[in-house]
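Undergrad: model the structure of this input:
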Amino acid sequence: MAIFSVIGRRDLPIRGDGLYLRASEMRDYLEWAELREKSRSFLTPWEPLWPIDDLTRASFRYRVRRHAEEMARDEAYSFFIFREEDDALMGGLSFGHVRRGVSQAATLGYWMGEPYAGKGHMTRAARAACAYAFEKRGFHRIEAACLPTNE
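TA: Model prediction:
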């Protein structure tokens with residue numbers, strides 16, 4: 001049931017500078033799995049160890065459901081990043097560890113598929129997503145989760 005509340009959000013998708021961000025859906029599975037597999041060696045240094053079933057349809061279904069539930073509970077906001085000109089899935093971005101009350105903060109995490117890395121897509125996606133987080137979700141602080149060696 002939570003997935004319908006996410007899909008029906010009026011403040012999504014997030015649009016900005018040649019790309020858009022939206023919640024993942026089951027129809028994204030094949031493109032996502034292909035991009036992740038193609039980018040595996042590129043992403044490995046920056047991400048936790050992938051479970052053996054990470055790229056399976058069942059694992060993706062669980063991920064889509066979990067992300068929808070987290071968004072409905074205001075715990076996390078996870079998005080895929082698409083190129084506007086051809087709807088190509090380029091990567092993902094999330095606001096996790098949402099803290100409300102006095103803090104109004106979240107942690108920004110992200111990944112970009114290897115074919116799209118180093119071209120400014122993540123900078124533009126983060127800019128659009130942060131505007132959404134501050135203006136629509138009421139965050140006061142966003143902390144980027146990144147490794148110092150990530151260029």
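Undergrad: measure the spatially most central residue of the chain to residue 11 for me?
TA: Nearest to the mean C-alpha position of the chain, counting by Cα atoms, centre = their mean, stands residue 93 at 2.7 Å. Distance, residue 93 to residue 11, using Cβ to Cβ, to the nearest Å: 15 Å. To be clear about C-beta, it is placed using only N, CA and C from the backbone, and glycine gets the same treatment.
Undergrad: before we move on, back to that, give the contact list for the residue nearest to the centre of the chain.
TA: Residues in contact with residue 93 (Cβ atoms under 8 Å, 6 or more residues apart in numbering) are 21, 78-79, 81, 108-110, 122, 125-126, 129.
Undergrad: go through these and say which is closest to residue 15.
TA: residue 21 (8.1 Å; Cβ to Cβ).
Undergrad: how deep is the closest one tucked in, by neighbour count?
TA: Neighbour count of residue 21, defined by other Cβ atoms under 10 Å: 23.
Undergrad: I'd assumed the residue nearest to the centre of the chain was in a strand, is it?
TA: Yes - membership of residue 93 in a strand is supported by DSSP: H, G, I helix; E, B strand; the rest coil.
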